[in-house]
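>>> Got a sequence here, can you build the structure:
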Amino acid sequence: MSEKNRDGKSNARRRLAAEREKQKSADKRRRALIVGVSVVGVLGLAAVIGVIAANAGKDKGSKNAGPVVAPSGAQGKDSLAIPVGEEGAKSTLTIWEDFRCPACQSFETRYRSTLHELTDAGKLRVEYHLVRLIDGNMGGTGSLHSANAAACAQDAGKFREYHDVLYANQPPETDDAFADNGKLIDLAGKVKGLDTPAFRSCVNDGTHNSWVDRSQQAFASGNFGGTPTVLFGGKNIYQDQSMTPEKLKEMVETADRG
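Here you go, the predicted structure:
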């Protein structure tokens, strides 16, 4: 073989090796690009999922609910408590409740007559905190709208009566019937003197929606766990399996006697 031919074949092999190295480098860059895009895609998806999770249960309609307007006579921190009963009562019962909550209805049904008797006698003061827990768990706005309507009833001096009407007419937990302001206004007809233009405007305008949202935030911050939360002397008596209306009445009357 001539020297010239040997040089030609050697040069060809070098060019072929160089082309293979270039191809390997290109393949490596392509794989790196694919991995990078995949990582970005996964991170982007995770961010989207995080946003969705963070907003789960939030009511789009309450984002622009306006300024916080506490109902007339509301007391306590941030004016979140609606009081029923005399201020000088020696015992106070604090109730966190949701008008869509079946357990809240069960508690109210069982204890209502006892609470009425004790508050009317000036022996007990009940402080109601209205929340919208079920809206977050089940979706909808029935908790928010019914709580706002109850706050509107408080403005009219008819809270306790309307409060009891709402529980007496509570829809199934999965039925967001209380989201309908028209239904809430119709129920106001069961309370003498409540269905007025002022009440209707308060309900339809969502006057106290932001106040309800703030109450919900306070409930979440308190780590109470669920509704109803019924506090007597700092203890959640709803979790006490031995508690009965009769036992609560005895506790209140003992405190009243001093």
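>>> Ramachandran angles for residue 232?
phi -130, psi 120 (degrees, to the nearest 10).
>>> contacting residues around stretch 153-171?
Residues outside stretch 153-171 that contact it (C-beta atoms under 8 Å, 6 or more residues apart in numbering): 71-74, 82, 84, 99-100, 102, 104-105, 108-109, 112, 116, 128, 142, 146, 149-151, 177-178, 187-188, 190-194, 196, 198-199, 202. In short, each C-beta sits where N, CA and C put it, glycine included.
>>> Among the residues you listed, which lie within strands?
When DSSP state E defines the strands, the subset of those inside them is 82, 84, 128.
>>> With neighbour count added, can I get those residues in CSV?
Below are the ones in strands among the contacts of stretch 153-171 laid out as CSV (neighbours: other C-beta atoms under 10 Å):
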residue, neighbour count
82, 27
84, 20
128, 23
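>>> circling back to that earlier point, got a quick PyMOL command for the buried subset of the contacts of stretch 153-171?
PyMOL command restricting the contacts of stretch 153-171 to the buried ones, with burial defined by 16 or more other C-beta atoms under 10 Å:
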select buried, resi 71+74+82+84+99+100+104+105+108+112+116+128+142+146+149+150+151+177+178+187+188+191+194+199+202
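>>> Might one say that residue 176 is in contact with residue 132?
No - using C-beta atoms under 8 Å, residue 176 is not in contact with residue 132, being 11.6 Å away.
>>> Looking at those two, which is more packed in?
Counted by other C-beta atoms under 10 Å, residue 176 and residue 132 do not tie: residue 132 has more neighbours, with 29 against 19.
>>> Same list, the ones in strands among the contacts of stretch 153-171, but as TSV with distance to residue 255 and pLDDT please.
TSV is the format used below for these (distance: C-beta to C-beta, whole Å; pLDDT from 0 to 100):
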residue	distance to residue 255	pLDDT
82	22	98
84	17	98
128	20	98
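>>> ok, of those, which one's closest to residue 224?
residue 128 (14.2 Å; C-beta to C-beta).
>>> how far does the helix or strand that residue 125 is a member of sit from the chain's center?
Take DSSP states H and E as the rule and residue 125 turns out to sit in strand 124-130. Its chain's C-alpha centre and that of strand 124-130 lie 19 Å apart, by C-alpha atoms, centre = their mean, to the nearest Å.
>>> Likewise for stretch 78-87?
Taking mean C-alpha positions (C-alpha atoms, centre = their mean), stretch 78-87 and its chain are 21 Å apart.
>>> Look up the closest residue to residue 231, ignoring the ones flanking it.
Distances taken as C-beta to C-beta, 6 or more residues apart in numbering place residue 94 nearest to residue 231, at 4.2 Å, with adjacent residues excluded.
>>> who are the neighbours in contact with the one you found?
Neighbour list for residue 94: 81, 126-127, 129, 229-232 [criterion: C-beta under 8 Å, 6+ apart].
>>> Does it lie in a helix or a strand, and which?
According to DSSP H and E, residue 94 maps onto strand 91-97.
>>> Dump that strand to CSV, keeping only the CA atoms.
In CSV, the C-alpha atoms belonging to strand 91-97 read as follows (Å, rounded to 0.1, in the frame of the first residue of the first chain):
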residue,chain,number,x,y,z
SER,A,91,-71.5,31.4,83.8
THR,A,92,-70.6,31.8,80.1
LEU,A,93,-71.0,29.2,77.4
THR,A,94,-69.0,29.8,74.2
ILE,A,95,-70.3,28.0,71.1
TRP,A,96,-68.5,27.8,67.7
GLU,A,97,-71.1,26.6,65.2
